[in-house]
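Undergrad: Following is a predicted model, sequence given first.
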Amino acid sequence: MNYFIFGGSGFIGTHLVNLLHEKYPQSLIYNLDIVESDHSGKSKFIHCDVRLEININVPVSEQDIVFNFSAVHTTPGHPDHEYFETNIKGAENVTVFAEKYNIKKLLFTSSIAPYGASEEMKTEMTLPMPNTPYGISKLVAEKIHMVWQAKKEIERQLTIVRPGVVFGKGENGNFTRLYWGIKKNRFFYPGRKDTIKASIYVKELVSFMLYRIEMDKTDVEIYNCTYEPAFSIEEISNAMMKATDMQRTIYKIPGGILKLAAGIIGALGGKSFGIHPDRVKKLMISTNISGKKLKESSYKFQYTFDEALKDWYKDNDNLYLK
């Protein structure tokens, strides 16, 4: 059995490659991406743009497993059309690839973005109501993968994961910005401290992915991948400071003032401050995603939230989080 990871050069893909190589050193791991990543010989890189028809010159068998991580995902950061071009067309081409080789197992990494922005708790049964191009494109991509599974539903296994904020070494995203904002005394609570931000440690996420896809179940299963219960921005900040031995006081400032300041700094070219009006707005809205289904499954978590932060810090030689 070999593994084909579309988008394997990214943050999550890199951690999955590490896990697969550790558990199955004799298996071939193919990283299909437009950018080559340094996996230290753990995977074979194949240049692949999922927006185009996928043709590769390596053996593929129906026992192999496909992971689809390919996506344009940073928000804000891209013109609207790029989310649709990559995320929807990519889903079509990856499922055509799986169809061509009669692949039986496929895991697709979606997002919590299809739920839309609101304070209400969302479970896997919540009606998706995406309100961003990214969220819309991810929901459509989920449906494309479901169509693939439905064509041979008694043979095919599809797992769709909807992770919260994924953190860990190499993230360079929300948690990394939060850490450096706190460390440099540039982070303030935007009008509230109780904003819920569902999250998951990247090592936990890929461990669950592999656990789930290795089960022999021909069905479609959707999992929110977050700690349960989800933590508030204040709880996350305090845990982060504790894990990294950092002493800081974080003040609460009216959100409107922060958004105005972010707009002014952005207009003056102050990107190094790491704040953007849209990011301030996102910090003021909860991502209240229930991880109860995952928690109550047979999967056993390897890290508590505090342990995950400490492990991430250790991965950076106990110097910083990045």
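TA: Great, that's in hand. Numbers count the residues shown, from 1 in each chain.

Undergrad: Show the average pLDDT along the longest helix seen in the chain.
TA: If you go by DSSP state H, the chain has its longest helix at helix 80-100. Averaged over helix 80-100, pLDDT sits at 95.

Undergrad: C-alpha coordinates for it, PDB please?
TA: C-alpha atoms of helix 80-100 as PDB (Å, rounded to 0.1, in the frame of the first residue of the first chain):
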ATOM      1  CA  ASP A  80     -12.200  35.400  -4.800                       C
ATOM      2  CA  HIS A  81     -11.800  33.500  -8.100                       C
ATOM      3  CA  GLU A  82      -8.700  31.700  -6.900                       C
ATOM      4  CA  TYR A  83     -10.500  29.900  -4.100                       C
ATOM      5  CA  PHE A  84     -13.000  28.500  -6.700                       C
ATOM      6  CA  GLU A  85     -10.400  27.700  -9.300                       C
ATOM      7  CA  THR A  86      -8.200  25.600  -7.000                       C
ATOM      8  CA  ASN A  87     -10.600  24.200  -4.400                       C
ATOM      9  CA  ILE A  88     -13.400  23.200  -6.700                       C
ATOM     10  CA  LYS A  89     -11.500  22.300  -9.900                       C
ATOM     11  CA  GLY A  90      -9.000  20.500  -7.700                       C
ATOM     12  CA  ALA A  91     -11.700  18.400  -6.000                       C
ATOM     13  CA  GLU A  92     -13.000  17.400  -9.500                       C
ATOM     14  CA  ASN A  93      -9.500  16.400 -10.800                       C
ATOM     15  CA  VAL A  94      -8.500  14.500  -7.600                       C
ATOM     16  CA  THR A  95     -11.700  12.500  -7.600                       C
ATOM     17  CA  VAL A  96     -11.300  11.700 -11.300                       C
ATOM     18  CA  PHE A  97      -7.800  10.500 -10.500                       C
ATOM     19  CA  ALA A  98      -9.200   8.200  -7.800                       C
ATOM     20  CA  GLU A  99     -11.900   7.000 -10.200                       C
ATOM     21  CA  LYS A 100      -9.400   6.200 -12.900                       C
END
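
Undergrad: Now it: buried residues?
TA: 83-95, 97-98 (16 or more other CB atoms under 10 Å). Every residue, glycine included, has its C-beta placed from N, CA and C.

Undergrad: Need the residues that contact that helix.
TA: 6, 50-54, 66, 68, 70-72, 103, 106, 108, 133-134, 136-138, 140-141, 144-145, 147-148, 151 (CB atoms under 8 Å, 6 or more residues apart in numbering).

Undergrad: Over to stretch 304-320?
TA: 167-169, 179-180, 183, 199, 201, 203-204, 227, 231, 239-240, 242-244, 303, 321-322.

Undergrad: If any of the residues you listed are buried, give me the ChimeraX selection for them.
TA: The ChimeraX selection below is limited to those of those classed as buried (16+ other CB under 10 Å):
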select :167,168,169,179,180,183,199,201,203,204,227,231,239,240,243,244,303,321
